[in-house]
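**Student:** sequence and predicted structure are below.
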Amino acid sequence: MIKKIRRIFYGKIKDEDNKELVKGGTFAFIMKITGMGFNYLFVFVLARLYGATGSGIYSIFQTVLQVFANFGKLGYDILMVREVAQYNAKNQWGSIKDLYFKVIRVNIIASISCSLVLYFSANWIASTIFLKPALCQYFQICALGILPIVLHSVHADCFRGMKKILLYSFFQNVLTISIAGILLCASWFIIHDRKVPITVFLIAVSISSTISAWFWWKKSPMLEGGEGEKIILSEKTKIAFSLFLTALLQVVRGWTDTIFLGRYYTEADVGIYKVAFRIATITSLTLTAFLLTVAPKIAELHAKGEMKRLAVVVQNTTKLIFWTSAPPLILFIIFPKFFLGVFGQDFLIGAVALMILSIGQFINAATGPVGNLLMMTGKQDVNRNIVIGTTIFTVILNAIVIPKYGIIGAAVVNVIGIFLYNIIPFILVKRYFGFYTFDAKHIFSFRKKGFLKQT
């Protein structure tokens, strides 16, 4: 029955690029929805069991973990997406194997070093940056999670480079949060301590990291070796460093609001804001789903020099993202209190912030895969410079606005940052490649035949 439905559905899509895009995006979307379901189960239990304060502590923990984990990754996780996609297209698994082992060695050393730095600086971070010495114990626990989250990310992105989107999405979006959600629900009947959510997340990511590594060794042709050039890591490191700076600055830009709220306001305020933010990200849900499919496709087409096909694939991706992002935007603007009320009455004061954040996420979705397009086509330095500029600007704005306007100010600055981060590469894509990711004539075309362009 399932095979019959798939034949009917995909039979209507004649173009192979569109079929690959829709198929991969659908799998990723399903996995993303599943993971989001477990994520909201986790957030719901966290909010109900530990209130806005407990949610805030967990959000601050995640901020610190993501910042230090990026130093552990050093950009090699994103590099593996690009390099695996290119070498896999040429069936050069000898190169992938050589690169993989060199990257893993560097990541392990970097992750252990980051863990030691975080553990011994936990008190300083809690007291000086957040002005809350009690957070020290949470940051010390956090140090244990850097290595597993780095290795988990690298192995998941290797599958993404192979265009094994179902496996990537399962490891990246479903496995960790589902294990964490189940463990947190079980803890409800055993122990009530604010360290529990952090502990169960670290247990979950450690299990996921082990499973993803095992699958990569078993399911990829890597160990068979094969043809391929010898990898000079120093050459790849130059690319990885640009990707690392971009990823790090994106984390800083995305979490600076949490840091300033944590410094000037209570843990409860942080918890309310982050719940509103998590709800708003539903607006860009399909963006993250389709990016998983389109990023390695961009790298592959660029490597082959097929720029016309590349333009069509990117514009079709943007159209799919635009029309699947519009419905949640409308719902969140009309009924913000309904969605926040699910998590408790304490969260209702974040209604205006939810409306503002939803608009920002829709802007993010409507411009399409502009950042990925630059990173996967050798323009990673350009993308890095854009991120540097927008990050510096938003950090300064957050420092000025948040102390005075709290979560509303944080939401407004978030939208400004998203707008700048997307509109600049949107213009540059036209300059470098001769097309806009958002083609208005195509976006608003609803012809029965040709909803997606043919390549």
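**Tutor:** Nice, I can see it.
**Student:** which SS class is the closest residue to residue 297 other than its chain neighbours?
**Tutor:** For residue 297, ignoring the flanking residues on the chain, the nearest one in space by C-beta to C-beta, 6 or more residues apart in numbering is residue 313 at 5.9 Å. Where you see a C-beta, it was placed from the backbone N, CA and C, and this is true even at glycine. Secondary structure, DSSP: H, G, I helix; E, B strand; the rest coil: residue 313 is helix.
**Student:** what about residue 313, how many neighbours?
**Tutor:** Neighbourhood size, residue 313 [other C-beta atoms under 10 Å]: 26.
**Student:** then residue 151?
**Tutor:** For residue 151, the neighbour count with other C-beta under 10 Å is 24.
**Student:** look up the closest residue to it, ignoring the ones flanking it.
**Tutor:** Leaving aside its sequence neighbours, residue 151 sits nearest to residue 209 (C-beta to C-beta, 6+ apart; 4.9 Å).
**Student:** average pLDDT for the helix or strand that contains the one you found?
**Tutor:** Residue 209 is located in helix 196-219, with elements delineated by DSSP states H and E. Averaging the model's pLDDT scores along helix 196-219 yields 89.
**Student:** residues in contact with it: which ones?
**Tutor:** Counting by C-beta atoms under 8 Å, 6 or more residues apart in numbering, the neighbours of helix 196-219 from elsewhere in the structure are 42, 46, 50, 54, 57-58, 61, 138, 141-142, 144-145, 148-149, 151-152, 155-156, 158-159, 164, 167, 171, 175-180, 183-184, 187, 222-223.
**Student:** next structured bit after that helix?
**Tutor:** Using DSSP H and E, the helix or strand that follows helix 196-219 towards the C-terminus is helix 233-264.
**Student:** tell me what the strand or helix carrying residue 361 is packed against?
**Tutor:** With secondary structure defined by DSSP H and E, residue 361 is part of helix 351-366. For helix 351-366, the helices and strands in contact under the criterion 3 or more C-beta pairs under 8 Å, 6 or more residues apart in numbering; DSSP states H and E are helix 267-280, helix 285-304, helix 307-334, helix 336-341, helix 380-433.
**Student:** in CSV, list those helices along with mean pLDDT and distance to residue 109.
**Tutor:** Converted to CSV, those look like this (pLDDT from 0 to 100; distance: least, C-beta to C-beta, whole Å):
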stretch, mean pLDDT, distance to residue 109
helix 267-280, 85, 32
helix 285-304, 74, 27
helix 307-334, 83, 37
helix 336-341, 88, 43
helix 380-433, 88, 23
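**Student:** any idea which of those is most buried?
**Tutor:** helix 267-280 (a mean of 26; mean count of other C-beta atoms under 10 Å).
**Student:** for residue 275, give me its contacts.
**Tutor:** Residues near residue 275 by C-beta under 8 Å, 6+ apart: 43, 47, 55, 340, 343, 347, 350.
**Student:** what's around the nearest residue to the second one once chain neighbours are set aside, how many residues?
**Tutor:** Computed as C-beta to C-beta, 6+ apart, the closest residue to residue 47 that is not its neighbour in sequence is residue 343, at 4.4 Å. Look at residue 343: counted by other C-beta under 10 Å, it has 25 neighbours.
**Student:** do the one 5 residues further on as well
**Tutor:** Under the neighbour criterion other C-beta under 10 Å, residue 348 is assigned a count of 15.
**Student:** now the helix ranked longest in the chain against helix 307-334, angle please.
**Tutor:** In the chain, ranked by residue count with DSSP state H as the criterion, the top helix is helix 16-73. Following axes from the mean of the first three to the mean of the last three C-alpha atoms, to 10 degrees, one obtains 70 degrees for the angle between helix 16-73 and helix 307-334.
**Student:** any idea of the mean pLDDT in helix 16-73?
**Tutor:** Helix 16-73 carries an average pLDDT of 76.
**Student:** relative to helix 285-304, how tilted is it?
**Tutor:** Note on geometry: by the same axes, to 10 degrees, helix 16-73 and helix 285-304 are set 100 degrees apart in direction.
**Student:** touching the helix or strand following helix 16-73 from outside, list them.
**Tutor:** Past helix 16-73, heading to the C-terminal end, the next element that is a helix or strand (DSSP H and E) is helix 76-89. By C-beta under 8 Å, 6+ apart, the residues outside helix 76-89 that reach it are 93, 95-96, 99-100, 103, 106-107, 150, 153-154, 157-158, 160-163, 228, 236, 239-240, 243-244, 246-247, 295-296, 299-300, 303-304, 375-376.
**Student:** next one: stretch 171-189
**Tutor:** Under the contact criterion C-beta under 8 Å, 6+ apart, stretch 171-189 has outside partners 28, 31-32, 34-36, 38-39, 41-42, 45-46, 49, 152-153, 155-156, 159-160, 196-197, 200-201, 203-205, 207-208, 211-212, 215.
**Student:** just the CA trace of stretch 99-113, in CSV.
**Tutor:** Coordinates of each C-alpha in stretch 99-113 appear next as CSV, following Å, rounded to 0.1, in the frame of the first residue of the first chain:
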residue,chain,number,x,y,z
LEU,A,99,39.6,12.9,5.5
TYR,A,100,37.2,11.3,8.0
PHE,A,101,40.0,9.9,10.2
LYS,A,102,42.0,13.1,10.2
VAL,A,103,38.9,15.2,11.1
ILE,A,104,37.9,12.8,13.9
ARG,A,105,41.3,13.0,15.5
VAL,A,106,41.3,16.8,15.5
ASN,A,107,37.7,16.9,16.8
ILE,A,108,38.4,14.6,19.7
ILE,A,109,41.4,16.7,20.8
ALA,A,110,39.5,19.9,20.4
SER,A,111,36.5,18.6,22.3
ILE,A,112,38.4,17.4,25.3
SER,A,113,40.3,20.7,25.5
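**Student:** all set now, cheers.
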